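Chemist: Need a 3D model of the following:
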Amino acid sequence: MKKIILFLIILIFIPFFSYPETILLKNGKTIEAEIIEKTDVYIKVGYYGVPLTYYLDEIESIDGNVISTMTPFISKTTFSQPKKEPTQIFKNISPAIVYITNKTVAKEEYIGSGFIFDKEGIIVTNFHVTKGAKELSVKLKNGEVYPVVGIINYDHTLDICILKINASNLPTVFVGDSNSMQIGETLYCIGNPLGLEYSFSNGMLSAVREINDIKYLQFTAPISPGNSGGPLVNSQGQVIGVVTFLMEGGQNLNFAIAINEIKPFISNQIKMTFQDFVEKVSQADYYFTEGYKYFLQDDYSKAIEYYQKVIQIKPNNPDVYSNLGVSYSALGQYQQAIEYYQKAIQINSNYVNAYNNLSVVYCTLGQFQQAIEYGQKALHLDPDYALAYNNLGNAYNELGQYQQAIEYIKKAIELDPNLADAYYNLAISYNSLGQFQQAIEYYQKTIQINPNHTLVYNNLSITYFALGQSQQAIEYCQKAIQLDPNHANAYAILGTVYYSLGRYPEAKENLLKAKELSQTQKNYEALKAIEETLNKIP
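Modeler: Predicted coordinates for the structure are as follows:
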């Protein structure tokens with residue numbers, strides 16, 4: 001009798017226990033979650049308390065059972081929900097759109113958009129909307145304003161940040177499937193461009209692109225600053241992307257992160273309090289952004305000042321150390337540059353750019369074997385890294401191993417046909433081999449890509465002078481001087497060409513200018529050669 005009672009108890013309680021299924025997606029990701037709804041088209045899972053939808057043709061297997069053997073189903077590409085009128089889409093989705101205000105540590109104020117993913121106050125936006133935040137607030141359509149109290153998740157690379165506010169029973173968006181989108185489909189954006197709340201625009205999906213292994217939806221609906229973090233919506237009223245950036249200077253070149261990229265980051269568990277986020281993340285990102293701003297302006301001393309502040313907060317960020325290396329290198333402080341590149345590699349042993357930049361620094365210092373060693377390490381990590389091939393070619397040029405240099409540089413050009421410096425280095429190789437016509441050809445190719453490459457004009461003048469074509473040599477010297485009036489070498493070459501032609505007053509004028517500039521620039525080796533030529537003038 002006791003055995004029967006025990007068996008009945010087990011039967012009674014079985015329905016109340018739920019076990020997570022192992023769901024393997026076709027993109028390689030694995031989800032451990034309870035299936036709460038299953039149809040012939042999709043399943044819904046409870047993922048940390050948040051319902052997520054996955055269509056069956058996104059799924060490889062469930063608990064090891066291949067999806068095609070489990071049940072016949074209608075593909076989502078043939079299953080279509082009815083399209084909605086734009087007015088209905090706006091009416092349905094606008095209550096779930098939010099206006100985000102970011103007051104930064106520098107006492108600046110920025111705005112952005114976002115949308116409510118879960119009724120318990122889980123909001124999706126871009127990470128860059130939160131950068132440098134000291135205070136973040138979320139305003140709902142009904143005018144209520146909530147401070148952000150926590151961060152569910154964030155990812156710099158994806159440019160997403162999932163926020164938590166203390167609210168409940170909020171209107172939410174319906175999340176769709178970005179993999180089901182077809183080029184040419186109608187799309188809608190809703191957000192707060194330039195602070196104009198709940199602006200609604202339409203366009204179409206113009207491309208699906210993978211950039212750094214992240215899937216982006218390129219679309220034509222007009223957006224402006226302030227749209228960032230808002231939803232990209234299909235004609236069924238489902239969110240299929242998060243608006244992230246527009247291509248400045250382009251016509252309707254706008255991009256959204258595909259929503260399927262973001263689904264694995266959703267949960268209802270707070271990763272950190274907002275105060276922790278400010279102290280450990282947003283301040284550091286603010287200083288990094290400021291440093292990068294000065295970095296792009298070639299104000300490397302100021303960039304270093306901000307990057308050092310980042311290190312105080314986040315001492316294990318390899319990007320900061322790498323940018324410090326570039327900054328010190330640009331200032332000619334190569335030992336400090338080496339130190340910071342090495343630090344980046346200690347944190348991330350696969351940091352390809354750091355190996356490549358070390359190769360450049362060692363080449364600049366004349367330590368060519370070390371330059372080759374680090375260039376080869378960069379290629380070991382990324383065999384298609386054009387810059388590394390070019391830098392190795394430069395090192396072999398400096399060692400006088402011109403055939404090997406040509407081999408590496410041509411590989412760089414094969415990988416990146418618009419790499420101007422590769423054509424320049426290839427021209428140097430041929431020039432050094434006395435193959436002047438090939439050198440001229442590659443110098444001219446460099447100019448086609450970069451018409452302001454001063455050294456090319458300078459070197460072309462030398463090559464034409466070597467061929468006895470003095471007039472072309474003069475012409476290219478003058479172009480070099482036009483681009484850089486302080487180019488001492490161009491004046492020296494021009495003076496030398498005039499001297500060879502017996503035009504002594506012009507020779508003396510240009511050589512004296514070259515001497516003046518070389519003294520200022522402390523180029524004593526060039527100064528000696530200039531004085532020797534000056535002494536020959538009658």
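
Chemist: Please count neighbours and contacts with C-alpha atoms only from this point.
Modeler: Noted.

Chemist: what about the stretch 51-200 of the chain, any weak spots by pLDDT?
Modeler: Across the stretch 51-200 of the chain, the ranges flagged by pLDDT under 70 are 51, 57, 67-81.

Chemist: For it, which segments count as strands?
Modeler: Secondary structure of the stretch 51-200 of the chain by DSSP state E, counting those that start in this stretch: the strands cover 59-62, 65-66, 97-104, 109-118, 122-125, 133-139, 145-155, 160-165, 174-175, 186-191, 199-211.

Chemist: any idea which of those strands is most buried?
Modeler: strand 122-125 (a mean of 28; mean count of other Cα atoms under 10 Å).

Chemist: Describe which strands that one pairs with in its sheet and in which direction.
Modeler: strand 109-118 (antiparallel), strand 160-165 (antiparallel) (DSSP bridges).

Chemist: tell me, how many neighbours does Lys377 end up with?
Modeler: 17 (other Cα atoms under 10 Å).

Chemist: Report pLDDT for it.
Modeler: What the model reports for Lys377 is a pLDDT of 95.

Chemist: One more: Leu534?
Modeler: 89.

Chemist: Just the element for Ala256, please.
Modeler: Assigned by DSSP states H and E, Ala256 belongs to strand 254-258.

Chemist: quick check: angle from that strand to strand 160-165?
Modeler: 70 degrees (axes from the mean of the first three to the mean of the last three Cα atoms, to 10 degrees).

Chemist: Packing partners of strand 254-258?
Modeler: strand 214-219, strand 238-246 (3 or more Cα pairs under 8 Å, 6 or more residues apart in numbering; DSSP states H and E).

Chemist: winner for burial among these?
Modeler: Among those, highest average neighbours (mean count of other Cα under 10 Å) belong to strand 238-246, with a mean of 25.

Chemist: can you point me to the longest helix in the chain?
Modeler: helix 504-520 (DSSP state H).

Chemist: follow-up on the earlier one: and the helices and strands packed on strand 254-258, which one averages the lowest pLDDT?
Modeler: strand 238-246 - the lowest mean pLDDT of these, at a mean of 85.

Chemist: Now do it: distance to the chain's middle.
Modeler: 17 Å (Cα atoms, centre = their mean, to the nearest Å).

Chemist: a markdown table for the helices and strands packed on strand 254-258, including distance to Tyr300?
Modeler: Below are the helices and strands packed on strand 254-258 laid out as a markdown table (distance: least, Cα to Cα, whole Å):
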| stretch | distance to Tyr300 |
| --- | --- |
| strand 214-219 | 31 |
| strand 238-246 | 27 |
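
Chemist: ok so, going back, give me the contact list for the strand holding Ala256.
Modeler: 158, 178, 214-223, 232, 240-247 (Cα atoms under 8 Å, 6 or more residues apart in numbering).

Chemist: Partner strands of that strand and their direction?
Modeler: When pairing is defined by DSSP bridges, strand 254-258 lines up against strand 214-219 (antiparallel), strand 238-246 (antiparallel).

Chemist: Looking at those, which is nearest to Ala344?
Modeler: strand 214-219 (23.8 Å; Cα to Cα).

Chemist: Please put the alpha-carbon coordinates of the closest one into PDB.
Modeler: Extracted as PDB, the C-alpha positions of strand 214-219 are listed here (Å, rounded to 0.1, in the frame of the first residue of the first chain):
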ATOM      1  CA  ILE A 214      28.400  40.700 -36.400                       C
ATOM      2  CA  LYS A 215      25.300  40.700 -38.600                       C
ATOM      3  CA  TYR A 216      24.000  44.200 -39.400                       C
ATOM      4  CA  LEU A 217      20.800  45.200 -41.300                       C
ATOM      5  CA  GLN A 218      21.400  48.000 -43.700                       C
ATOM      6  CA  PHE A 219      18.300  50.000 -44.300                       C
END
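
Chemist: Report the inter-axis angle for that strand versus strand 186-191.
Modeler: Using the same axes, to 10 degrees: strand 214-219 against strand 186-191 is 100 degrees.

Chemist: what's the domain layout of the chain?
Modeler: 2-70, 80-270, 296-536 (automatic domain parsing).

Chemist: thinking again about what came up before, to Ile347, which of the strands paired with strand 254-258 lies closest?
Modeler: Per Cα to Cα, nearest to Ile347 of these: strand 214-219, 23.5 Å.

Chemist: residues in contact with the closest one?
Modeler: So strand 214-219 is contacted by 158, 187, 203-210, 241, 252-258, 261 (Cα under 8 Å, 6+ apart).
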